[in-house]
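# For reference, the sequence and a predicted model appear below.
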Amino acid sequence: MATLNTTVLQWASAQLGKQIGAGECWDLANSALGHAGAGTSSDFGPMGDDDDYIWGDEVALKDALPGDILQYRDYEMTTTTTTDVTFADGSGWTDNPYVTVGHPHHTSILSKNPGTGAITVLEQNHKGNKEPVRSSTIRWKGSSTSTTTRKPMKRQDNGKTESALVVVTVDVTVSGKLKAYRPKKP
């Protein structure tokens, strides 16, 4: 017999590329829980447009399972990739662009949680434009990784290509609230 989580995830996964209900993020979670016979946010808590919905029993993110429902509040994940290039004469350059993904108020379904702080979710309406169901990866905790290589790079002062030490550091910071809820019967 399938668990509620398994049924939620199977149904939601089959909806990739489709718009569910009115296309709101809430519609995907609500419909998946309904198809599984689980309670929805209507059964467990406040239901205003800007309320933080409750989808079942809250669980720690590190313990969240595929099929759990995620509720976001003022969530932001910023990824900064710093590339530090140093040539033999000590000159070089640094570049550090960043990308921020934000969800002031959002709901999604967890599809993978390998325990590293990076998770894969199923969601719709992630930019507020009624986008269909898609899979995306976010983090629930920050991280930092760095790699060092030596490779040919173009100098910015004279345009010539020379061997350089290249250090690439990827820093991910996370802020706001992200809560996980285990589906349960109403």
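Right, received. Where do you want to start?
# if I pick residue 131, what's in contact with it?
23, 124-125 (CB atoms under 8 Å, 6 or more residues apart in numbering). Where you see a C-beta, it was placed from the backbone N, CA and C, and this is true even at glycine.
# Would you check how far apart residue 32 and residue 55 are?
Per CB to CB, to the nearest Å, residue 32 is found 10 Å from residue 55.
# Same question for residue 41.
5 Å.
# Now list whatever residues contact both of these two.
With CB under 8 Å, 6+ apart as the test, residue 41 and residue 55 both reach residue 29.
# And those two? Which one has more around it.
More neighbours surround residue 55 than the other of residue 41 and residue 55, with 29 against 22 (other CB atoms under 10 Å).
# From residue 117, how far off is that one?
Separation of residue 55 from residue 117 (CB to CB): 21 Å.
# same deal with residue 123?
Taking CB to CB, one finds residue 123 at 18 Å from residue 117.
# Which one's more surrounded, these two?
Comparing residue 123 with residue 117 by other CB under 10 Å, the one with more neighbours is residue 123, at 23 against 16.
# Is the closest residue in space to that one that isn't next to it in sequence bridged to anything, and to what?
Among residues not flanking residue 123 along the chain, residue 108 sits closest, at 3.8 Å (CB to CB, 6 or more residues apart in numbering). Note on residue 108: beta-bridge partners residue 70, judged by DSSP bridges.
# Can you show me the strands along this structure?
Listed in chain order, the strands of the chain (DSSP state E) span 57-59, 69-87, 92-95, 98-112, 118-123, 134-139, 143-154, 161-182.
# how about the ones you listed, which one is nearest residue 50?
strand 98-112 (6.1 Å; CB to CB).
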